[in-house]
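In: Requesting a structural model of the entry that follows:
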Amino acid sequence: MYQWIGALYAQYRRSKQTRLFDPFSDILTEKTRKRLMDGWPGVFRHVILELMPVDAVSKQFDPAMGRPTKELYSMAGLLLIKEFMNWTKAEALDAYSFNINIHYALNLEPVAHDLSMRSLERYINLFEDNDIARIVMSEVTAELVKLLDIKIDKQRLDSTHIFSDMASFGRTRLMGVAVKRFLTQLRRHDERSYKELGEAMINRYAPGVGRLFADTKDDNSRIVLRQTIAEDMYCLLKLFAARPQHSSRSTYKALERIFYDHCEVHEKAIVVKEYSGCNSMLNTSDPDATYDGHKGPGYQVQIAETCNSENPAQLITSAIAQTAVESDTTAFPTVMDDLKESELLPDAMLADTSYCSDDNVQLAQDHGVELIGPAPKSGTTRSQDNDKLNIDDFDIDENTEKVLCCPAGHKPLSSVNSKSSGKTKTVMPQSVCGRCDFVNECPVRKNGSEYILRHNAKQRRNARRRREENTDGFRQQYRMRSGIESTNSGLKRRTGLGRLRVRGRPAVFNAIYLKIAGWNILRAAACAKMRKIVRARVRQTVCRLNFVFLAMIMAAKKVRISGKKYFCPSWRQIETFSAIDNAA
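Out: Residues are numbered from 1 along each chain as shown. Predicted structure coming up:
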C-alpha cells in the first residue's frame, strides 16, 4: 500500500512540479496570494513553467559523469524571467535568492536559495549555443494562443531596430582598434615579432582604446591618419599571413575583414574607400552587427502580431531575429515559413510598403494569405496619378496578359505577350487614338505613326492595388496596422528590447526571443480570461492534493497507525487547503 501511494505521489510531483503541502501557506495572506495568482507570477507558475524545454537542456549534461546542479525547470524559467524583466546577471541572482515573487513563479520554497554566477552563466551559454530561446518562444506562444483561443485570422507585420551593447566607432577609430587588438595578442604570444615591428608602429597604437588618436582633430589630419592606418594594416596582413599561429586568431581575421571592407589595393597602392558597405564590420567585439542606413548599427527583429478586435489579448505569433542590413522585403518569405511551421498562418496580413512588393503579394497568395498594404511606388508621381487612366482601366485577359479593349471600348490592332520577357506590346488604331478625348491622360504613347502600350503582369497588379488604396474599404481594413507600433514601443520600454545588455549574434538572438516570449506572458497575464484559467488550475491542483493526502491517511489507518500521529508535522497544513481553494 505504501509503495502504491509513494508511486502515485512521485508521479504527480514529476508531472506537475508541485508539492503535497503548500510552502507559502504560512507566509502569504489570502489577499497577497490572490495578487500573485492574478499577476504574471501566477501565470508563469501554473501555465508557463511546465513548458520549459528541460529535455533540450538536459541533453547537454552527461548522464554518468555530469549532472545539473539546479532543478532545470526553475533554471530555464529564471533565464526567461531575467530577460523580460531586463535584469542584469547580479539582479537575477538576487531575485532567485530572495524575491518571493520569483520563488512563487518558479515553484521554489520561500527560503533563501544559493545560485552562483558561474552556474547562471553556464545555463545562459547552453541557451545561446543550442538556440533554446527560440524553442521557448515557440512553445509559450503556441500554448497561450491555444488557452486564450486567440483568433489568428488577422495579423500585422513590422520590424524594429535593436542596439547591442557595443561601442559605436568611426572608420578611423575602428581601423585603429582592429590593429591595436591584433598587436595586443601578438605581444602576448610572440613578443619577439612584436618588437620587430618598430617603435613607430608600436607607439602609434600604445594608448588605450578610449584615448586612441585623441590628438587628431581636423579633417585633413584624420584623412592622413586613416591612410597611415590602412598601410599598417596591409603590412601586418602580409607579414603574418604565412604564420598559422597568428593568422588563425580571431583578431587577425577581424583585421583582414575590416581592411577589405574599407580599403582596396591597386598595384601595391593602398586606397581607402570613400564609402564602406552596410554589411561591413562595425566593431570587433560584435562582428555580426551590421548597419541600417536609416536606423544605425545593430540588429532588428521581424514581428508578426494578431490584431483581431475580438481577442482578449493580442499576442506576437512570429519573431525573426536578423542583422540590421537585412531588408523587410526579403524577410517576408522567412516570416511566412515560420508562421506556416507553427501553424499560425493568418487569412490577412497587414504590413507597410516595404513588405508589399508584387513578389511578396504573390508569395502570400501561395500560402493562402492576403497581404494588405500600400504598393511600392515606381516612376514619377505624375504617372501614378490615380485620377488619370492607368493599365488597370484596360480590359486585359489575366491569363494571357493580352489587351482586349481600351477604356473607351476600342479594340487594339494587335496585342502580343512575350513569354521570355513577360511584357505585352499592344498597338492601338491611329484613327481612334488620334482623336480620343482621353489622349492626354491615357498610358498609350505615340511612337512614330503607331500608338503603343507596353505593360507586364506586375505593372497591372500594382496599378490595381494603387487604385484600391484610395477606397474607404482599404483604409478601414488597413487602419489596424498602426497598432504594432505601440507593441514595438512597449517591447523596448518594458523589456529593454531597444538596447540590449549583450553583444554578439548568439547572445543578442537569445535575448530577443526570450524578451518576446516574456512580452506574450505579460499580455496574457493582463486579461481576465487567463486569470480564470489560472484559478481553475489552482482548484484542480488542490483537489488532486486532497486526494493524495486522504489516500495516505487511509493507508495509514489500514495498518492501524494513527493518521494524525503519523502525519503530525504536516497535519496542521491540511487546514490551509480550503483557504487555497477560496483564494483561487
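In: low pLDDT regions in the chain?
Out: Low-confidence segments of the chain, defined by pLDDT under 70: 1-22, 64-70, 378-387, 542-584.
In: ok, so what distance separates Leu80 from Ala304?
Out: 21 Å (CB to CB, to the nearest Å). Glycine gets a C-beta too; all of them are placed from N, C-alpha and C.
In: my bad, should have said Gly296
Out: Per CB to CB, Gly296 is found 24 Å from Ala304.
In: Can you name the element that comes right after the longest strand seen in the chain?
Out: Looking across the chain with DSSP state E, the single longest strand is strand 296-306. Per DSSP states H and E, strand 296-306 leads on to strand 316-323 as the next helix or strand towards the C-terminus.
In: Return the list of strands paired to that following strand, each annotated with direction.
Out: strand 296-306 (antiparallel) (DSSP bridges).
In: Which positions in the strand it pairs with come out as buried?
Out: Pro297, Gly298, Tyr299, Gln300, Val301, Gln302, Ile303, Ala304, Glu305, Thr306 (16 or more other CB atoms under 10 Å).
In: Make a markdown table out of those residues and add distance to Val508.
Out: Formatted as a markdown table, the buried residues of strand 296-306 follow (distance: CB to CB, whole Å):
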| residue | distance to Val508 |
| --- | --- |
| Pro297 | 12 |
| Gly298 | 8 |
| Tyr299 | 5 |
| Gln300 | 10 |
| Val301 | 10 |
| Gln302 | 14 |
| Ile303 | 15 |
| Ala304 | 20 |
| Glu305 | 21 |
| Thr306 | 25 |
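In: List just the nearest of those to Ser74.
Out: Relative to Ser74, the closest of the buried residues of strand 296-306 is Val301; by CB to CB it sits at 27.5 Å.
In: so the closest one touches Asp158, yeah?
Out: No - Val301 lies out of contact with Asp158 (CB atoms under 8 Å); the separation is 9.7 Å.
In: How about the secondary structure of Leu157?
Out: With DSSP: H, G, I helix; E, B strand; the rest coil as the basis, Leu157 sits in strand.
In: wait, what's in contact with it?
Out: Going by CB atoms under 8 Å, 6 or more residues apart in numbering, Leu157 touches Gln302, Ile303, Ala304, Glu305, Phe332, Val335, Met349, Leu350, Ala351, Tyr355, Ile484.
In: Pop the domain breakdown of this structure in here.
Out: 2-147+517-570, 154-161+299-376+476-495, 171-272, 387-457 (automatic domain parsing).
In: give me every residue that touches Lys446.
Out: Cys433, Ile452.
In: Quick check: it is in a strand.
Out: Yes - residue state for Lys446 (three-state DSSP) corresponds to a strand.
In: Phe98: what's it in contact with?
Out: Counted by CB under 8 Å, 6+ apart, Phe98 has contacts Ala112.
In: start at 139 instead
Out: Renumbered: residue one is now 139, and that last one reads Phe236.
In: now it: how far from Ala662?
Out: Taking CB to CB as the measure, Phe236 falls 26 Å from Ala662.
In: what does Ile650 give?
Out: 19 Å.
In: quick one: contacts for Ala489?
Out: By CB under 8 Å, 6+ apart, the residues touching Ala489 are Arg294, Leu295, Asp296, Phe470, Leu509, Ile510, Gly511, Arg619.
In: Would you check that Asn626 makes contact with Thr298?
Out: Yes - Asn626 is within contact range of Thr298, at 4.1 Å (criterion: CB under 8 Å).
In: Can you tell me the SS state at Ala250?
Out: coil.
In: Distance check, it against Ile240.
Out: Separation of Ala250 from Ile240 (CB to CB) stands at 12 Å.
In: Who has more neighbours out of these two?
Out: A direct count of neighbours by other CB atoms under 10 Å for Ala250 and Ile240 places Ile240 higher, at 23 against 9.
In: Not counting sequence-adjacent ones, nearest residue to that one?
Out: Closest residue to Ile240 apart from its sequence neighbours, by CB to CB, 6 or more residues apart in numbering: Ala233 at 4.6 Å.
In: count of residues packed around the one you found?
Out: Ala233, neighbours per other CB under 10 Å, totals 21.
In: Tell me the buried residues in the host helix or strand of it?
Out: In this structure, Ala233 sits in helix 227-236 according to DSSP H and E. Within helix 227-236, the residues that count as buried by 16+ other CB under 10 Å are Ala230, Leu231, Ala233, Tyr234.
In: Now for those residues: which two are most distant?
Out: With CB to CB as the measure, no two of those lie farther apart than Leu231 and Ala233, at 7.3 Å.
In: Distance of Arg573 relative to Pro550?
Out: Separation of Arg573 from Pro550 (CB to CB): 17 Å.
In: ugh, typo on my part, it should be Asn263
Out: Taking CB to CB, one finds Asn263 at 68 Å from Pro550.
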